[in-house]
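Asker: pasting a predicted model and its sequence here:
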Amino acid sequence: MPTKVQKKNLEDAPFLKEMYNAAFNMWRLGWDERNGGNISYLLKEEEVKEYLDASKVVRTIPIPTSVEELEGKFFIVTGSGKYFKNAKEDPCNTFGIIKVGERGQSIDLLWGLEDGTLPTSELPAHFKSHTERLKVDSEHRVIMHNHATNIIAMTFTHELDEAMFTKTLWQMCTECIVVFPDGIGIVPWMIPGTAEIGLQTAQKMKEHRLVIWPHHGIFGAGTTIDETFGLIETAEKASQIYTAIGDPARIKQTITDRELADLAKAFHVTPRPGIIIA
C-alpha cells in the first residue's frame, strides 16, 4: 500500500502568516477599525495541498454572483465581521481557505471560519477584481481593501477626478509615480457589498491597481501581500502629506511635470497618459 504523505502544520504556512501580519498591521495603523477591511489571496494548488486535503470540504457556501473564470482556484480570505486586531491570536476564526466550486457558483470552505461565519461580504467584489487583474497580469494574486485614514480624508477635500487626484499624489512624494505609475481609479460613492460596486471596481482594475471608494476606503491589487500593502501604504503617505498641508494655497513649490517625467524615465516606468505635460 502506498504510504500516506503527512500534511504540514497549517499554522506554519507562510501564506497564513502573511495574511495575519498584514491584517494586524492594517489594524495597528488605524486603517481597519472594528471589523473593517478585507483581504483575499489567490493560492497555488500545490501550496494548499502541502497543508490540506482539498477533497475534505467543511461546508459549501453559495455566492450571489457567478465567477466561472475562477472555478477550481484556491484563496485564503478574511471572514465577515472579523476584528483584525485578533488576527494573530485567532487565525482559525479570522480567516478561511476556500476553493471556488463548479462554474463559480459556490465556494467550498476547506479550513478556518470555525465559528460558522462567512467569508467577507465584499468577496464578490474581490472575485470580480481578481478576474480582471488576472487578464492583465498573470502573476496577480492579492486584493486588499482597507479604510486608509488620509485617503478617506482626501476624498472630502479634493476633486474626485482621477487624473487630478493621481497627479496630486504623485506630487506629494517623489516615489509615488514610481510605485503607482498606472494612477488611481475612483468609483462613485455606492453602498458597499453590492454587485454594482464590485463590478465598477473591477472595471477600474483593468487599468489601475489602486481604486478609491470615496468616503470609505481603498482597494489595492498586487502580486504579493507585501507589494499590495506597500502600494496602499505609499498612496496613504502621500494623502497624509496632502492633508497635513491643509490649504493648497500654502504650497510654495512642488514636483513639476518635467521632474515627474524625469523620475519616470530614471526608474523605467510609464506614467498613465494625460496626467503630466512635459
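Answerer: Sure, I can see it.

Asker: would you mind measuring from residue 20 to residue 60?
Answerer: 25 Å (CB to CB, to the nearest Å). C-beta here means a position set from N, CA and C on the backbone, and glycine is covered the same way.

Asker: before we move on, what about residue 15?
Answerer: In this structure, residue 15 and residue 60 are 22 Å apart, going by CB to CB.

Asker: now residue 14
Answerer: Separation of residue 14 from residue 60 (CB to CB): 27 Å.

Asker: which one's more surrounded, those two?
Answerer: The neighbour count for residue 14 versus residue 60, taken as other CB atoms under 10 Å, is higher for residue 60 (12 against 9).

Asker: now do the SS call for that one.
Answerer: Secondary structure for residue 60, judged by DSSP: H, G, I helix; E, B strand; the rest coil, is strand.

Asker: what's near enough to touch it?
Answerer: 101, 106, 107, 108, 109 (CB atoms under 8 Å, 6 or more residues apart in numbering).

Asker: who touches the first one in this structure?
Answerer: The reference is to residue 101. The contact partners of residue 101, taken as CB under 8 Å, 6+ apart, are 60, 71, 107, 108.

Asker: relative to residue 64, how far out is it?
Answerer: Plainly put, residue 101 is 14 Å away from residue 64 if you go by CB to CB.

Asker: what's the closest residue to residue 91 other than its chain neighbours sitting at in phi/psi?
Answerer: The shortest distance from residue 91 to any non-neighbouring residue, by CB to CB, 6 or more residues apart in numbering, is to residue 20 (5.1 Å). Here is the backbone geometry of residue 20 (degrees, to the nearest 10): phi -70, psi -30.

Asker: one step back: of the contacts of residue 60, which is the most crowded?
Answerer: Neighbour counts for those were taken using other CB under 10 Å; the highest belongs to residue 107, with 26 neighbours.

Asker: what about that residue, which SS state?
Answerer: Remark: residue 107 carries the secondary structure label strand [criterion: three-state DSSP].

Asker: for residue 144, see how far away it is.
Answerer: Counting by CB to CB - residue 107 and residue 144 are separated by 19 Å.

Asker: same question for residue 61.
Answerer: The separation that residue 61 has from residue 144, given CB to CB, amounts to 22 Å.

Asker: which of these two has more neighbours?
Answerer: Shown here are residue 61 and residue 144; by other CB under 10 Å, residue 144 has more neighbours (26 against 16).

Asker: secondary structure class for the more buried one?
Answerer: Per three-state DSSP, residue 144 ends up strand.

Asker: distance of it from residue 72?
Answerer: In this structure, residue 144 and residue 72 are separated by 23 Å, where distance is defined by CB to CB.

Asker: chain center to the helix or strand where residue 152 lies: distance?
Answerer: Residue 152 belongs to helix 149-157 when assigned by DSSP states H and E. The chain centre lies 18 Å from the centre of helix 149-157; the measure is CA atoms, centre = their mean, to the nearest Å.

Asker: which elements pack onto that helix?
Answerer: For helix 149-157, the elements it packs on are strand 217-222, helix 225-245, judged by 3 or more CB pairs under 8 Å, 6 or more residues apart in numbering; DSSP states H and E.
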